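**Student:** using only what follows, build the 3D model:
(chains A and B, ligands or ions: 2)
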Amino acid sequence: MKVLLKNAFLIDPQVELNIKGDLLIEDGVISKIDTSIKENVDEIFDLKNLVVVPGFADAHVHLREPGREDEETVQSGIEAGMNGGFSALCCMPNTEPAIDCAEVVTFVKDRAANSLVDVYPIGAVTKKREGKELALLGEMYEAGVVGFSDDGDPISTSKIMKYALEYSSMFDLPIIEHCEDKSLTENGVMNESINSTKFGLPPHPSLAEVIIALRDIAILRYTGGKLHLAHISAKETVEVLRLAKKEGLNITGEVTPHHFSLTDDAVENYDTNTKVNPPLRTQQDVNALIEALKDGTIDIIASDHAPHSIEEKEWEYIYAPFGMIGLETSIGLTLTKLYHSKILSIEEIIYKMSINPRKIFKLKEAVIKPGAAANLTILDLEKEWIVDKFSFKSKSINTPFHGWKLKGKSAGVINNSKFFFENKLIDLI
Amino acid sequence: MLSSRHLLGLYGVPKKDIELILDTAKTFREIIERPIKKVPTLQGKTVVNLFFESSTRTRISFELAEKRLSADVLNFSASTSSLTKGETLKDTVRNIEAMKIDMVVIRHSAAGSPHYLTQLIDANVINAGDGTHEHPTQALLDMYTIREKIGRIEGLNVCIVGDISHSRVAMSNIFGLLTMGANVAVCGPKTMIPKDIDKLGVMVFTKIDDAIKFADVLNILRIQLERGAASNFPSLREYHRLFGITKERLLKHKKDILIMHPGPINRGVELSSDVADGSNSVILEQVTNGVAVRMAVLYLIGTRTEEN
Ligand SMILES: [Zn+2]
Ligand SMILES: [Zn+2]
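**Tutor:** Ligands and ions are numbered 1, 2, ... in the order given. Next up is the predicted model:
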């Protein structure tokens, strides 16, 4: 099947593409790019005022399957991802059972088979995520994981981290660290600051994050391997990451849209949707995160999409679980907070949300050139919209952004010969 | 009239509201000295005391205040731990509200529970202590007592001593006293002083003698051993050595100083007995004033809705 995307802005910094024009796709493969293409095709899509970019990848999501299918499934996660503008998701292993062996990796991959969105499981570092013994990293590598993490928890000890970095280096996959020194965060539910004092909530200091980052960097320097710091929230962590990169260590870092869009002031009304781990920090931290996005210290933007049921979130703040959903607000927040406020160019955003995550986790490449499989995200940069959590495709609605006015949204996704556009899924074969 | 239909805390409560409560409490203080201590003000109103955390003193004080205003009183107690999973605050409260109640007095171990409650029900909500957040009526009765004894709050030096990190009494006092124009300090082991508290405009002492030198009023907190304070300092004996208020310490500074404590006292820890029972202590008066202040709060909130 031949389809023609017309009148779009086509942008891909990997091939120095930045034109207004047309893109021809034949059986899911890009066959022609030009300012104007005239050809007999099966279908034409007018993408006037829309921007076509390489398919975005969210490198940090929680899909809850197996174990908590009431909160999210691989399938509902795929739909949320597609609706949010992503053609690839990396899902964390803190499921029940944990993704700690080839069978569970295969189970998750099977659930995602034949979908528009590619789902890449991340394997647990330790068996059952208990922090005691290394999980079957080699076996999971063979089954197709793209990294290892005990996310939800930090890697328990220096010894396990040392083994994890040494062992994973054989497969050239990163260890993804959730930086949290638990001895400092016991009972803590929000950033330790003047606000935790005012709101009377048990503190979760940024110190806990930087201590584990420093520990891991010391181990990385010693062992080699690849280290990726997940959801960096604090100024201090940004600083140590910057130094580690300067030193030449193989380290990368990630930030979530909620950590650069909100501060701990948002906790004031005790909305449990603002309870995340790591917690929302101060304006100084937000400024440092934005600076780090600009200067390249932070490589990627990932949502840390963490669905929870209403029943679990409707508790007093200290009892509710940590986490908010993010797949369907990630692009909107990023475009509103970073693109429209002129912090990042669209090319830089493409790096943070497509090129870098795909490179770090060795996902399928997405590039806009003839001969490449069409793996595209279509953006409407100017669209103003109101976040309505009830319109989401995720099974959970735990977001504090309901009712927010955002500018910029995904308008469609193409991948695996499938096209999600105007709320319809079309086959391109 | 109060600016809010709830009393969730003293943070952000305007000075005129605090003054109104303290002035109103004065008239109730007179009523409770009379032979017949009851007024019909809240007749026909139903108040629920919703105590998820046991506190006999606070509950009795509220209950007495409610009864003296002729309200119908319902008591609901459940320790948070005994709430079975699935029976949330939400379910409990919705059930109670179905019984058509007007006001809820809530004590809960989780900060923000009273705020959450206002989203669940229409009744007026009074915070009787939420976790380590606020305990506004305690601070109001402390301020009432200071005003009664010294005649003013503005310009006074008030120091709160003890485990500030785990104290809702401290937080409400800090917010209320600052609004009323007092100079506020805290004193305690560094491990019990919340981070950045100075940003609220509060001085910090870690030597009790400095606190005594500074203060016109010492508000001494109970060491909340049950709330995990024990790991913040090496031993009760050392705490008493470094931060305990003794007769000698007071005599050394030859100062007339008001000694307050929200009770119950750990004698020989925060205070020596001679200080607790001595002439500077107003600890029992605080208890009496507590009833008057709570009557004032219930009255002002309970009659506010009628005017609207
Ligand atoms: Zn995490
Ligand atoms: Zn996560």
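**Student:** residues from the stretch 201-350 of chain A in reach of chain B?
**Tutor:** On the criterion Cβ under 8 Å from any Cβ of the partner chain, chain B has as its neighbours in the stretch 201-350 of chain A the residues A:201-203, A:205, A:269-270, A:311, A:314-319. Quick note: C-beta positions are derived from backbone N, CA and C, even for glycine.
**Student:** buried subset of those residues?
**Tutor:** Buried residues within those, counting neighbours by 16 or more other Cβ atoms under 10 Å in any protein chain shown: A:201-203, A:205, A:270, A:314-319.
**Student:** so what's whichever residue of the stretch 1-150 of chain B sits closest to chain A up against?
**Tutor:** Relative to chain A, the nearest point of the stretch 1-150 of chain B is residue B:133 (2.4 Å; Cβ to the nearest Cβ). Applying Cβ atoms under 8 Å, 6 or more residues apart in numbering or on different chains, one finds that residue B:133 lies in contact with A:199-201, B:9, B:111-112, B:168, B:171.
**Student:** what do you get for residue A:14?
**Tutor:** Contacts here follow Cβ under 8 Å, 6+ apart; on that basis residue A:14 touches A:54, A:355, A:367-368.
**Student:** narrow the residues you listed to those in strands?
**Tutor:** Among those, the members falling in strands are residue A:54 (criterion: DSSP state E).
**Student:** of the contacts of residue A:14, closest to residue B:239?
**Tutor:** Nearest to residue B:239 among the contacts of residue A:14: residue A:355, at 57.7 Å, using Cβ to Cβ.
**Student:** name the SS class of the nearest residue to that closest one once chain neighbours are set aside, please.
**Tutor:** Using Cβ to Cβ, 6 or more residues apart in numbering or on different chains and skipping residues adjacent in sequence, the residue nearest residue A:355 is residue A:14, 6.2 Å away. Reduced to three states with DSSP: H, G, I helix; E, B strand; the rest coil, the structure at residue A:14 is helix.
**Student:** need the pLDDT of residue A:14.
**Tutor:** Among the per-residue scores, residue A:14 holds a pLDDT of 98.
**Student:** distance check, it against residue B:175.
**Tutor:** When Cβ to Cβ, to the nearest Å is applied, the distance between residue A:14 and residue B:175 equals 55 Å.
**Student:** stretch A:237-254 - what's its average pLDDT?
**Tutor:** 98.
**Student:** please name the residues that touch residue 12.
**Tutor:** If you meant another chain, say so; for now it's chain A. A:18, A:53-54, A:350, A:367-369.
**Student:** oops, wrong one, chain B.
**Tutor:** Under the criterion of Cβ under 8 Å, 6+ apart, the contact list for residue B:12 reads residue B:175.
**Student:** hey, which helix or strand in chain A has the poorest pLDDT?
**Tutor:** Comparing every helix and strand of chain A by mean pLDDT, DSSP states H and E singles out helix A:310-313 as the least confident one, with a mean of 90.
**Student:** er, chain B actually
**Tutor:** Least confident helix or strand, chain B: helix B:89-97 with a mean of 80, by mean pLDDT, DSSP H and E.
**Student:** on that earlier part again, which two in the residues of the stretch 201-350 of chain A next to chain B are spaced the farthest apart?
**Tutor:** Distances among those were taken as Cβ to Cβ; the most separated pair is A:205 and A:311, at 29.8 Å.
**Student:** what packs against the helix ranked longest in chain B?
**Tutor:** With residue count as the measure and DSSP state H as the assignment, chain B has helix B:283-307 as its longest helix. Judged by 3 or more Cβ pairs under 8 Å, 6 or more residues apart in numbering or on different chains; DSSP states H and E, the packing partners of helix B:283-307 are helix B:15-31, helix B:56-68, strand B:103-108, strand B:124-130, helix B:136-150, strand B:258-260.
**Student:** got the angle between the longest one and helix B:136-150?
**Tutor:** It stands for helix B:15-31. Helix B:15-31 runs at 70 degrees relative to helix B:136-150, counting by axes from the mean of the first three to the mean of the last three Cα atoms, to 10 degrees.
**Student:** hmm, back to that, tell me which of the buried ones among the residues of the stretch 201-350 of chain A next to chain B is nearest to residue A:243?
**Tutor:** Distance to residue A:243, by Cβ to Cβ, is smallest for residue A:205 among these, at 20.6 Å.
**Student:** please identify which of the contacts of residue B:133 is nearest to ligand 1.
**Tutor:** In terms of Cβ to the ion, no member of those lies closer to ligand 1 than residue A:201, at 19.4 Å.
**Student:** what's the helix or strand for the closest one?
**Tutor:** In this structure, residue A:201 sits in neither a helix nor a strand according to DSSP states H and E.
**Student:** what residue lies at the spatial centre of chain A?
**Tutor:** In chain A, the residue lying closest to the centroid (Cα atoms, centre = their mean) is residue A:302, at 2.4 Å.
**Student:** tell me which element the closest residue to that residue other than its chain neighbours falls in.
**Tutor:** The shortest distance from residue A:302 to any non-neighbouring residue, by Cβ to Cβ, 6+ apart, is to residue A:60 (3.7 Å). Remark: residue A:60 resides in strand A:56-61, with elements defined by DSSP H and E.
**Student:** which helices and strands does the next helix or strand along the chain from that strand pack with?
**Tutor:** Elements were assigned by DSSP H and E; along the chain past strand A:56-61, the next helix or strand is helix A:74-84. In terms of contacts (3+ Cβ pairs under 8 Å, 6+ apart), helix A:74-84 is packed against strand A:56-61, strand A:86-91, helix A:102-111, strand A:118-121, strand A:405-415.
**Student:** deepest of these, which one?
**Tutor:** Across these, averaging neighbours per residue (mean count of other Cβ atoms under 10 Å in any protein chain shown) puts strand A:56-61 on top, at a mean of 30.
**Student:** low-confidence regions, the chain specifically.
**Tutor:** Reading this off chain A. Low-confidence segments of chain A, defined by pLDDT under 70: none present.
**Student:** wrong one, chain B
**Tutor:** Across chain B, the ranges flagged by pLDDT under 70 are B:79-88, B:226-230, B:305-308.
**Student:** tell me the residues of it that contact chain A?
**Tutor:** B:11, B:88-90, B:108-113, B:115-116, B:130-134, B:168, B:171, B:194-197, B:199-200.
**Student:** in strands, which of these fall?
**Tutor:** Where the residues of chain B next to chain A overlap with strands, as defined by DSSP E, the overlap consists of B:108, B:130.
**Student:** from the residues of chain B next to chain A, which are also near ligand 2?
**Tutor:** With Cβ under 5 Å from the ion as the criterion, the subset of the residues of chain B next to chain A in contact with ligand 2 is empty.
**Student:** show the buried residues in the residues of chain B next to chain A.
**Tutor:** Among the residues of chain B next to chain A, the ones that count as buried by 16+ other Cβ under 10 Å are B:11, B:88-90, B:108-113, B:115-116, B:130-134, B:168, B:171, B:194-195, B:197, B:200.
**Student:** re the thing from before, ligand 2 versus the residue nearest to residue A:355, what's the distance?
**Tutor:** Distance from residue A:14 to ligand 2, counting by Cβ to the ion, to the nearest Å: 28 Å.
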